[in-house]
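Student: After the sequence you'll find the predicted model.
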Amino acid sequence: MSASARDPVIAGLGITGLGKVYGLTAADFAGQAVRLAAADAGLELADIDGLLVSSGITNGVHLDLQRGLELTDLRH
C-alpha cells in the first residue's frame with residue numbers, strides 16, 4: 001500500500017522535563033513538546049498544518065495552544 005499526501009504521519013518526538021518541574025503549566029509543556037517534535041522532524045513551526053489537542057485530566061491544554069505557537073493556516 002502506498003502513502004498518499006493525505007495520510008497522517010508522525011514526524012517527530014518532543015519529550016519535556018519529567019518529575020517535579022515548577023513554574024510551568026500543562027500548556028507550557030505542550031508548547032515545548034510541539035517545538036521539540038518539530039525540531040526533531042527537521043521542521044519549522046510554520047510547516048505544521050494540523051494540531052490535535054487533548055485537555056487531559058487537568059483541562060490545562062486547549063486550542064489556545066495554536067495561538068501560543070503562532071500556528072496559522074491549519075487545515076486540521
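Tutor: Right, received. Where do you want to start?
Student: send the alpha carbons of the helix or strand of the chain with the lowest mean pLDDT over as PDB?
Tutor: Least confident helix or strand, the chain: helix 64-68 with a mean of 88, by mean pLDDT, DSSP states H and E. Extracted as PDB, the C-alpha positions of helix 64-68 are listed here (Å, rounded to 0.1, in the frame of the first residue of the first chain):
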ATOM      1  CA  ASP A  64      -5.200  28.400  22.600                       C
ATOM      2  CA  LEU A  65      -2.000  26.400  22.100                       C
ATOM      3  CA  GLN A  66      -2.300  27.300  18.400                       C
ATOM      4  CA  ARG A  67      -2.100  31.000  19.300                       C
ATOM      5  CA  GLY A  68       0.800  30.400  21.700                       C
END
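Student: So which residues make contact with that helix?
Tutor: 27, 30-31, 34, 51, 53, 74 (C-beta atoms under 8 Å, 6 or more residues apart in numbering). C-beta coordinates here come from the backbone N, C-alpha and C atoms, glycine included.
Student: among the residues you listed, which are in helices?
Tutor: 27, 30-31, 34 (DSSP state H).
Student: just curious, which of these is nearest to Asp47?
Tutor: Val34 (11.7 Å; C-beta to C-beta).
Student: ok, now which ones touch that closest one?
Tutor: Val34 neighbours (C-beta under 8 Å, 6+ apart): 14, 45, 48, 51, 65, 69.
Student: do that again at 10 Å, thanks
Tutor: 12, 14, 45, 48, 51, 53, 65-66, 68-69, 71 (C-beta atoms under 10 Å, 6 or more residues apart in numbering).
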